[in-house]
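Visitor: return atomic coordinates for the entry below.
(chains A and B)
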There are 2 protein chains.
Amino acid sequence: MADWHDEVFNDRVRFGLKIRRSLYSGQSPYQKIDIFESEQFGRTLTLDGIYMTSEGDEYFYHEMLVHPAMTTAPLIRRILIIGGGDGGTAREVLRYSEVERVVMVEIDSMVVEACKEYLPSIGTAWDDPRLEVVIQDGVAYVKEAQEEPFDVILLDGSDPVGPAEGLFGEDFYHGCERLLQPEGVFALQSESPVLFWDVFLSIVRTLRKIFGRADPYFGSVPIYGAGMWTWTYATRSVDPMMIIGERIERVEPLTRYYNREIHEAAFALPTEIKKELER
Amino acid sequence: MADWHDEVFNDRVRFGLKIRRSLYSGQSPYQKIDIFESEQFGRTLTLDGIYMTSEGDEYFYHEMLVHPAMTTAPLIRRILIIGGGDGGTAREVLRYSEVERVVMVEIDSMVVEACKEYLPSIGTAWDDPRLEVVIQDGVAYVKEAQEEPFDVILLDGSDPVGPAEGLFGEDFYHGCERLLQPEGVFALQSESPVLFWDVFLSIVRTLRKIFGRADPYFGSVPIYGAGMWTWTYATRSVDPMMIIGERIERVEPLTRYYNREIHEAAFALPTEIKKELER
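Guide: So this is what the prediction gives:
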């Protein structure tokens, strides 16, 4: 049926949304970009057919990527975002008045342009003077950048196929570690343990090797299919449970999903995952 | 494509599994029953095309329905299960040695027979002498039963369409309240707030009216699509956070998803749901 878009995982599971109409379709040097209006979640972005975000559910993902790091990192003056072309991650980061500079490194300018035009409710902070958008491959950026270290680095990338593949490699994580100050936090989406068990485990284990500490945390993103989704919080020295009180008090009135209880709950490990990570 | 089975929600969202082969297909007086082998989750049960459970993911659902009630109710000698035809709920309940009697009231004997034959890894406790299976409509049972009150009642029903519709009504909940001892716990699946916001709210609010206290709790069930799933814990006098230590210590080695941290985490409310329930 032409009026459904399905994302297929491993040729075994699929998740589909009924489409009301297509709003944008373009082919960049990196990927196929589509924005359509879905019955359930409103305007929805796919890259190479993979669901990225939608107006109706984007807050689940963006709030869970951003706020656990931002409410616990000792300093949050200088933030690096890799990916994040829809602008939702930058929006959540810029809610904090302590933030002085956000560098967002997105490989694909066509994604940014399409999202600015068709998903303005997600990227509401493009005009914030603290935000600098750099159109560059994140892998090259973290390898080469001569920047003062960042306080928080957020990896808001796609799945490990296509242009985002390098964002799952050990070299890339080493680059992030190099650009992070010693009391910094690196947070990233780390896939579904149900659909991508090996990828999930590999991310957590690699980050533990590089940073010393990496804690996966759990939530759900409706358009990411098959139940639970994970992010991972990697750090050399910060305790992800030590929420800074006055910071969470300021952000809680602004969020739709995230709050102190959700933060603490998200780090609870299902038994089989706990056992596997303890091996 | 004939080799996929999709469940469609509200004609807006669908979740599909690739099917290797069909194992069973039957039409009972109540519903169409199918069991097939899926690539992702192994043997999978659908009723009227709606995903019920699968070998590969059933523990998410059954453990979260059963254990929060069973690790907190002061007594767990007498348990009533409404629905639960695949046997997974009874299996989890019967892990506790304190349990003396389980009455399982399932409307559809064909579901029980099909699951016994084709899903033996889910219903592993059919032969436990403490289990009595009653083939009857749960709505009629709770209205008419002249039973000593139960310590825990678990509602393991389908969606509020078809034969399970009455299991979402106020009369039915009143019947459960009548059959529950004052220090008892009533737990049930309460749908997806993402896909069925009104149904979810109505369940929690109705139970609060009847029991005094009803706390939704959250988890994920991979085959139930669109991220988060909920159950609700209703009681007149029990604190769902007061986990009985020696009981959870005995059950934790037996579960695959549930543990003390998951129990405590599950009751954290996302901000928008908390606000709505406080109105």
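Visitor: what mean pLDDT does stretch A:209-228 have?
Guide: Averaged across stretch A:209-228, pLDDT comes to 92.
Visitor: whoops, I mixed them up, stretch A:48-64
Guide: Averaged across stretch A:48-64, the pLDDT comes to 96.
Visitor: quick one: buried residues of that stretch?
Guide: Within stretch A:48-64, the residues scored as buried using 16 or more other C-beta atoms under 10 Å in any protein chain shown are A:48, A:50-64. For the C-beta atoms, the positions are set from N, CA and C on the backbone; glycine is no exception.
Visitor: hmm, that stretch touching chain B?
Guide: Yes - on the criterion C-beta under 8 Å from any C-beta of the partner chain, stretch A:48-64 is in touch with chain B at A:57, A:60.
Visitor: check stretch A:252-266 too.
Guide: Yes - Stretch A:252-266 comes into contact with chain B (C-beta under 8 Å from any C-beta), by way of A:252, A:255-259, A:261-262, A:264-266.
Visitor: ChimeraX command to pick out the buried ones of those residues?
Guide: The ChimeraX selection below is limited to those of those classed as buried (16+ other C-beta under 10 Å):
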select /A:252,255,257,258,259,261,262,264,265,266
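Visitor: between the residues of stretch A:252-266 next to chain B, which is closest to B:Ala125?
Guide: Checking the residues of stretch A:252-266 next to chain B against B:Ala125 with C-beta to C-beta, the nearest one is A:Ala265 at 30.6 Å.
Visitor: that closest one: what secondary structure?
Guide: Secondary structure for A:Ala265, judged by DSSP: H, G, I helix; E, B strand; the rest coil, is helix.
Visitor: I'd guessed A:Ser109 sits against A:Ile135; true?
Guide: Yes - between A:Ser109 and A:Ile135 there is a contact at 4.6 Å, judged by C-beta atoms under 8 Å.
Visitor: by residue count, what's the longest strand in chain A?
Guide: For chain A, the longest strand by residue count, based on DSSP state E, is strand A:13-27.
Visitor: could you tell me which ranges of chain A sit under the pLDDT cut-off?
Guide: Applying pLDDT under 70 to chain A picks out residues A:1-2, A:161-164.
Visitor: what do you get if the cut-off is 50, keeping everything else the same?
Guide: Within chain A, the ranges that satisfy pLDDT under 50 run A:1.
Visitor: show me what contacts A:Phe196?
Guide: By C-beta atoms under 8 Å, 6 or more residues apart in numbering or on different chains, the contact list for A:Phe196 reads A:Phe9.
Visitor: how about the strands in chain A?
Guide: Under DSSP E, chain A gives strands at A:4-9, A:13-27, A:32-38, A:42-47, A:50-54, A:78-83, A:101-106, A:131-135, A:150-156, A:180-189, A:213-220, A:228-235.
Visitor: re the thing from before, looking at the residues of stretch A:252-266 next to chain B, which are in helices?
Guide: A:261-262, A:264-266 (DSSP state H).
Visitor: how many neighbours does A:Ser97 have?
Guide: 9 (other C-beta atoms under 10 Å in any protein chain shown).
Visitor: one step back: what's the closest of the ones in helices among the residues of stretch A:252-266 next to chain B to B:Leu80?
Guide: Once C-beta to C-beta is applied, the member of those that ends up nearest B:Leu80 is A:Ala265, at 29.5 Å.
Visitor: now do the contacts for that closest one.
Guide: Contact partners of A:Ala265, counting by C-beta under 8 Å, 6+ apart, are B:264-268.
Visitor: kindly recompute the last result at 6 Å.
Guide: Counting by C-beta atoms under 6 Å, 6 or more residues apart in numbering or on different chains, A:Ala265 touches B:265, B:268.
Visitor: how about the residues of the stretch 101-250 of chain A by chain B?
Guide: Within the stretch 101-250 of chain A, the residues that sit near chain B (C-beta under 6 Å from any C-beta of the partner chain) are A:194, A:220-222, A:226-228.
Visitor: could you dump the residues you listed to CSV with neighbour count?
Guide: Shown next, in CSV, are these (neighbours: other C-beta atoms under 10 Å in any protein chain shown):
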residue, neighbour count
A:Val194, 23
A:Ser220, 25
A:Val221, 28
A:Pro222, 26
A:Ala226, 28
A:Gly227, 25
A:Met228, 23
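Visitor: the stretch 101-250 of chain A: helices as residue ranges?
Guide: Counting by DSSP state H, counting those that start in this stretch, one finds helices in the stretch 101-250 of chain A at the ranges A:109-118, A:138-144, A:170-179, A:197-211, A:245-251.
Visitor: nearest to A:Gly85 among those helices would be which one?
Guide: Among those, helix A:109-118 comes nearest to A:Gly85, with 3.6 Å by C-beta to C-beta.
Visitor: skipping adjacent residues, who's closest to the residue positioned nearest the centre of chain A in space?
Guide: Residue closest to the average C-alpha location in chain A (C-alpha atoms, centre = their mean): A:Asp156, at 3.1 Å. Once flanking residues are discounted, A:Asp156 sits nearest to A:Gly84: 3.8 Å by C-beta to C-beta, 6 or more residues apart in numbering or on different chains.
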